[in-house]
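Asks: got a sequence here, can you build the structure:
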Amino acid sequence: MRKIDMHAHFLPPISRRDAAGLDPDNAPWLAVDENGETGQIMKGDRPFRPVYRALWDPGMRLEEMDKHGVDVQIISATPIMFGYEFPAQRAAAWAARMNDLALEHCAADPRRLKALAQVPLQDLDLACREAARARDDGHVGIQIGNHLGPKDLDDEHLVQFLIHCAQEGIPILAHPWDMMTDGRMKKWMLPWLVAMPAETQLGILSLILSGAFERIPPSLKLCFAHGGGSFAFLLGRVDNAWHCRDIVRQDCPNPPSSYVKRFYVDSAVFDQGALRLLADVMGGDRIMLGSDYPFPLGEQSIGKLVNDNPWLADDDKRRINHGNAAAFFGLQDAPAAA
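Replies: So this is what the prediction gives:
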């Protein structure tokens, strides 16, 4: 069965000197170990995450795609690369450079490797300009974070960017980043295990409960990573609150569950029962194969969760593995894996 993995990350082999133009103390860069196989994403002089060669080497990426039977992989920035906390003009130059490097990465096999661009989201005009430039250069969509500092996706600034992308036909992947924590989630990767799913649900609910979806054209192609976080499991709680409390209904004219056809999610939920629930809530036509490759929290055998699911119909498996992403990103002529 053909596979398009639409949630995979990259980080180019940029040095600290390369990153200094964004910020000499806090910009991300890649420290590759002497063996050339492993390294660290750095933030200034602080280690952020251990990584291995597939993150920056497209040759190894293609080899591993073949091993997993992945026909096409859509790469996007590791979220630490967003640069939202830096001055907009510097972030715009940084985004343009990272987007060019993403296309260089994909040039190893442009039929099988596609890219999502990043934008300087803190400035609406600059973000729209870079989104257009990236689309014209060959990116198949945009990846954004689920918030901009204290601004969630219902903020007018971010809603206007979503409206722009809807009008221009630019698909969006919303990815959690800079997870909420007050210091209580200190270890065991709890920010990634607790706050990351909550961030994703927060992004979805901010659009639903604020009434933003009433203003954003239905043509918007919007996907939330990580299966929509905790959204599917807690949707019944949200619907119940909408029916029982007028404060929940004040900006949202329809039950929250009625908005599930306004967005997509990926399949990165790692449990067969969770995938069954996700398909029950979203429908098989609103889920796309996403692995979070090449990170340890990603799916280690890409597509196995979908293909081995005993509750999904074969048609839904085909849609999730390939058909939904092909339509969402306009990849109808995607090649088959070697």
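Asks: can you give me how far the helix ranked longest in the chain is from the chain middle?
Replies: With DSSP state H applied, the helix covering the greatest number of residues in the chain is identified as helix 88-106. Centroid separation between helix 88-106 and its chain, computed with Cα atoms, centre = their mean, to the nearest Å, is 17 Å.
Asks: packing partners for that helix?
Replies: Applying 3 or more Cβ pairs under 8 Å, 6 or more residues apart in numbering; DSSP states H and E, one finds that helix 88-106 makes contact with helix 58-68, strand 72-77, strand 113-117, helix 124-137. Just so you know, the C-beta spots here come from the backbone N, C-alpha and C atoms, and that holds for glycine as well.
Asks: sheet partners, orientation included, of the shortest one?
Replies: This points to strand 113-117. The sheet places strand 113-117 alongside strand 72-77 (parallel), strand 141-145 (parallel), with pairing taken from DSSP bridges.
Asks: which element follows the helix or strand containing His9 toward the C-terminus?
Replies: Secondary structure here is read from DSSP states H and E; on that basis His9 sits in strand 4-10. Read in the C-terminal direction, the helix or strand following strand 4-10 is helix 16-19, with elements assigned using DSSP H and E.
Asks: which helices and strands sit right next to that following helix?
Replies: Using 3+ Cβ pairs under 8 Å, 6+ apart as the contact criterion, the neighbours of helix 16-19 among helices and strands are strand 28-32.
Asks: now find how far off-centre stretch 241-249 is within its chain.
Replies: Stretch 241-249 sits 30 Å away from the centroid of its parent chain (Cα atoms, centre = their mean).
Asks: go on, stretch 220-236?
Replies: Here stretch 220-236 is found 12 Å from its chain centre; the criterion is Cα atoms, centre = their mean.
Asks: what does stretch 277-294 give?
Replies: Remark: stretch 277-294 is offset 13 Å from the chain centroid, using Cα atoms, centre = their mean.
Asks: and that stretch, what's buried?
Replies: Along stretch 277-294, the positions that meet the burial threshold by neighbour count (16 or more other Cβ atoms under 10 Å) are 277-279, 281-282, 284, 286-294.
Asks: cool, stretch 185-192 as well?
Replies: Within stretch 185-192, judged by 16+ other Cβ under 10 Å, the buried ones are Met185, Pro191.
Asks: before we move on, back to that, out of the buried residues of stretch 277-294, which are inside strands?
Replies: Secondary structure from DSSP state E places Ile287, Met288 of the buried residues of stretch 277-294 in strands.
Asks: which two from the buried residues of stretch 277-294 end up farthest apart in space?
Replies: Between any two of the buried residues of stretch 277-294, the greatest separation by Cβ to Cβ is 28.5 Å, found for Val281 and Pro294.
Asks: turn the helices and strands packed on helix 88-106 into TSV, columns for distance to Asp251, mean neighbour count and mean pLDDT.
Replies: Rendered in TSV, the data for those read as follows (distance: least, Cβ to Cβ, whole Å; neighbours: other Cβ atoms under 10 Å; pLDDT from 0 to 100):
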stretch	distance to Asp251	mean neighbour count	mean pLDDT
helix 58-68	43	17	97
strand 72-77	31	26	98
strand 113-117	30	26	98
helix 124-137	22	18	98
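Asks: and the contacts of the longest helix of the chain?
Replies: Identification of contacts with helix 88-106 by Cβ atoms under 8 Å, 6 or more residues apart in numbering yields 10, 12, 14, 21-23, 27, 56, 58, 61, 75-77, 81, 83-84, 86, 113-120, 122-123, 126, 129-130, 133-134, 137-139.
Asks: report the rounded mean pLDDT for that helix.
Replies: In this model, helix 88-106 has an average pLDDT of 98.
Asks: angle of that helix against strand 141-145?
Replies: 130 degrees (axes from the mean of the first three to the mean of the last three Cα atoms, to 10 degrees).
Asks: okay, the angle between helix 88-106 and helix 124-137?
Replies: Our comparison of helix 88-106 with helix 124-137, counting by the same axes, to 10 degrees, yields an angle of 20 degrees.
Asks: in helix 88-106, what counts as buried?
Replies: Applying a neighbour-count criterion of 16+ other Cβ under 10 Å, one finds 88, 91-96, 98-103, 105-106 buried in helix 88-106.
Asks: likewise stretch 44-52?
Replies: Within stretch 44-52, the residues that qualify as buried are Arg49, Val51, counting by 16+ other Cβ under 10 Å.
Asks: CA atoms of that stretch as CSV?
Replies: Taking Å, rounded to 0.1, in the frame of the first residue of the first chain, the C-alpha atoms of stretch 44-52 are listed here in CSV:
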residue,chain,number,x,y,z
GLY,A,44,23.4,28.8,21.6
ASP,A,45,25.8,26.9,23.8
ARG,A,46,23.1,24.7,25.4
PRO,A,47,22.4,21.2,24.1
PHE,A,48,18.7,20.8,23.2
ARG,A,49,18.2,17.4,21.7
PRO,A,50,20.4,14.4,20.5
VAL,A,51,19.8,13.5,16.9
TYR,A,52,21.2,11.3,14.2
